[in-house]
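**Q** Requesting a structural model of the entry that follows:
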Amino acid sequence: MLIQRLGILRLSEDSCRLLAQRVYCTGLALLLILSEVFSSNIQSTLPGLSSLFRAALTGLGILLLLAKCLLLTRYETKAQWFLLGGVILYTGFAAWYGDDHWFVLAALVGMGAKDVDLRKAVQVFLAVTAAGLVLVQLLHYTTPLVPFKYYCRNWDYGYGHYNGYGARLIGVFFAWSWLRWPKLRWFDWGGLVLLLLYTLFVPICRGAAGAMLLLLLLFALQKVLPRIFESRIYHGLLLAVYPVLTLFSVLAGYFFDPAAPDRTPILKKIDRLFSGRFEIWHNVFWETPLSLLGGVPTDGDEHHSIDNMYLALPMNKGLLGAILVAAVFVILLWRLCRGHHTGELLCMTAMMAYLLMENKVFLVSANPLLLLLPCVLFKARNTPLPVLCPTAEPQRTAVTAGASGR
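**A** Predicted coordinates for the structure are as follows:
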C-alpha cells in the first residue's frame, strides 16, 4: 500500500487492511446518507442546512474514497494504477459534462471496494439505506420537514417522484437478497415478499416491483433447477441480455408512434405494461441528436428525462460512455459466468431488467452491485473474484462421473 511506502503511518499489514475497511465503509455510508436523506424533499424546507450537509457529505465521502483508492489499496501492477487514474479522470469529466455527479461517485464506490471485506461493506450498505428510508418516511408522515411536493400518477413519498422512492427500495431489496443468498430462510422470503408487495401497491413502482419479482422467481427456479443456471447455454444467453435490451429499447422507441399507436398493436400492449414508456423513448431519445460525449441531462429535465438506462447512457454520457459502460457490464457477466458465481448472476439479471424501466444505475443507494466493479478493473491472474456468493461448481455429466468411478 502507498501509505506504507510513504511512511505516513507505521502500521502492520493487518492494521492497514482494517483501516482501509473502516475508511471505505465510512465513505460509503456518507454517500448513502447523501442519497437517502439529503436528496429528499427536505431540501425544500431546509435549503441552507441541506446544501451545507450535501456539500459536506459529498466532499468528505470523495476524500475518504480517494484515500482508500490511492493510499490504502494494494495494486498488483502499474497498469492497475493507470486504469485507476484513467477511470477517475474520465468519470470526473463525464460527470461534469453531463451534470451527473453520481457517475464519478459510483466509480469511486466501485473501485474503492477492491480488497475490502465485501460482506461487511454490503451489511453497511443495507443498514444505512434501510435506516435512511425509515427516517425519511417518519419525517414525511409525522413532520413538515419532508413534505409531499409533486404528484404524477402517485405522490412522491418525499423523494420528488415515486420512482425515486422505488429506486431506494430496490437498493434495500437487492442488498438484502445478495447478502443472504443462497441461505435465504423463511423470514428472508417473507420480508422480501412484503417489500415487493409494498413497492407494487403503495408507491406503485412497477419497474422496481417487476425487478424484485423477477429476482425472487430466479431464486426459486435456481433451487428447483440448479443445473440449468450453471449451464453454458444459460451463460451464453445471459451474455446477450445487455445488447438485446439495448436493441429492444432503440427499436421499440423507433417503431412505436404515440400519435398512431394502433399501427403497432403488439407494441401498444407492451407499452401499457411499461406504463407508457415507449412514448417517452420515441419522443425523447429519437428527437435527441447523439454525440461522442453526450451532455444531455436525462434526470430532472422535463424535456429529456427518460426512464431507461440503455437510452439514457448515449444521451448523457455519449456514444463513448455508452460503449464503456456496456463493456463493463459484459466483462463482469463474462467473468461471473466463468467463475460460476450464480448468486451474482441472478442479481445482475434482475438489475438489467430493472434498468430497462429506470436510469438509476449510478445512484449509489439504488445499486449495491456497484461493489462488483473490482471484478472488471482489478482482476489479477489466478485469483478468485471478490464476490459474496459461493461458487456453484459445474455439474459433471454422467459420462464423466462414470469414467471417474471406473
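**Q** Which helix or strand lies directly C-terminal to the strand or helix carrying residue 349?
**A** Using DSSP states H and E, residue 349 maps to helix 342-354. Using DSSP H and E, the helix or strand that directly follows helix 342-354 along the chain is helix 374-377.
**Q** so what does that next one touch, helix or strand wise?
**A** Counting contacts by 3 or more Cβ pairs under 8 Å, 6 or more residues apart in numbering; DSSP states H and E, helix 374-377 packs against helix 78-97, helix 101-112, helix 318-338. For the C-beta atoms, the positions are set from N, CA and C on the backbone; glycine is no exception.
**Q** Would you mind checking the average pLDDT for the last one?
**A** This points to helix 318-338. What helix 318-338 shows for mean pLDDT is 97.
**Q** Tell me which of the helices and strands packed on helix 374-377 sits most buried.
**A** Per residue and on average, the most neighbours among the helices and strands packed on helix 374-377 fall to helix 101-112, with a mean of 24 (mean count of other Cβ atoms under 10 Å).
**Q** need the contact list for residue 182.
**A** For residue 182, the contact set (Cβ atoms under 8 Å, 6 or more residues apart in numbering) comprises 222, 342, 343, 389, 390.
**Q** Buried residues, the helix or strand that the first one is a member of. List them.
**A** In this case it means residue 222. Using DSSP H and E, residue 222 maps to helix 206-224. Neighbour counts using 16 or more other Cβ atoms under 10 Å place 206-216, 218-219, 222 of helix 206-224 among the buried residues.
**Q** Give the next helix or strand downstream of it.
**A** Next helix or strand after helix 206-224 toward the C-terminus (DSSP H and E): helix 232-239.
**Q** The helix or strand immediately after that next one in the chain versus helix 342-354: what angle between them?
**A** Using DSSP H and E, the helix or strand that follows helix 232-239 in sequence is helix 241-255. Relative orientation of helix 241-255 and helix 342-354, computed by axes from the mean of the first three to the mean of the last three Cα atoms, to 10 degrees: 10 degrees.
**Q** Which positions in the next helix-or-strand element following helix 241-255 come out as buried?
**A** Remark: after helix 241-255, the chain's next helix or strand is helix 265-273, criterion DSSP H and E. By neighbour count on 16+ other Cβ under 10 Å, the buried set for helix 265-273 is 267, 268, 271.
**Q** List the contacts of the closest residue to the last one other than its chain neighbours.
**A** It refers to residue 271. Sequence neighbours aside, residue 278 is the residue nearest to residue 271 in space, at 4.0 Å (criterion: Cβ to Cβ, 6 or more residues apart in numbering). For residue 278, the contact set (Cβ under 8 Å, 6+ apart) comprises 252, 253, 256, 258, 267, 270, 271.
**Q** dump the residue contacts of the last one.
**A** With Cβ under 8 Å, 6+ apart as the criterion, the residues that contact residue 271 are 256, 261, 277, 278, 279.
**Q** Among those residues, pick out the one closest to residue 148, please.
**A** Closest approach between these and residue 148, by Cβ to Cβ: residue 277, at 24.2 Å.
**Q** Is that closest one in contact with residue 357, as I believe?
**A** Yes - between residue 277 and residue 357 there is a contact at 6.4 Å, judged by Cβ atoms under 8 Å.
**Q** okay, and the common contacts of these two?
**A** 307, 308.
**Q** Looking at the two now, which is surrounded by more residues?
**A** Ranked by neighbour count (other Cβ atoms under 10 Å), residue 277 and residue 357 place residue 277 first, with 24 against 20.
**Q** need the contacts of residue 271 in TSV with pLDDT, can you?
**A** Listed next are the contacts of residue 271 as TSV, based on pLDDT from 0 to 100:
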residue	pLDDT
256	94
261	92
277	91
278	93
279	91
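**Q** Now for the residues you listed: which two are most distant?
**A** Farthest pair in the contacts of residue 271 (Cβ to Cβ) is 261 and 277. Separation: 13.0 Å.
**Q** Return the closest of the buried residues of helix 206-224 with respect to residue 42.
**A** Ranked by distance to residue 42 (Cβ to Cβ), the buried residues of helix 206-224 are led by residue 208 at 22.0 Å.
**Q** Could you check how far the closest one is from residue 79?
**A** Using Cβ to Cβ, to the nearest Å, residue 208 is found at 38 Å from residue 79.
**Q** Likewise for residue 86?
**A** 10 Å.
**Q** ok, now residue 379?
**A** 12 Å.
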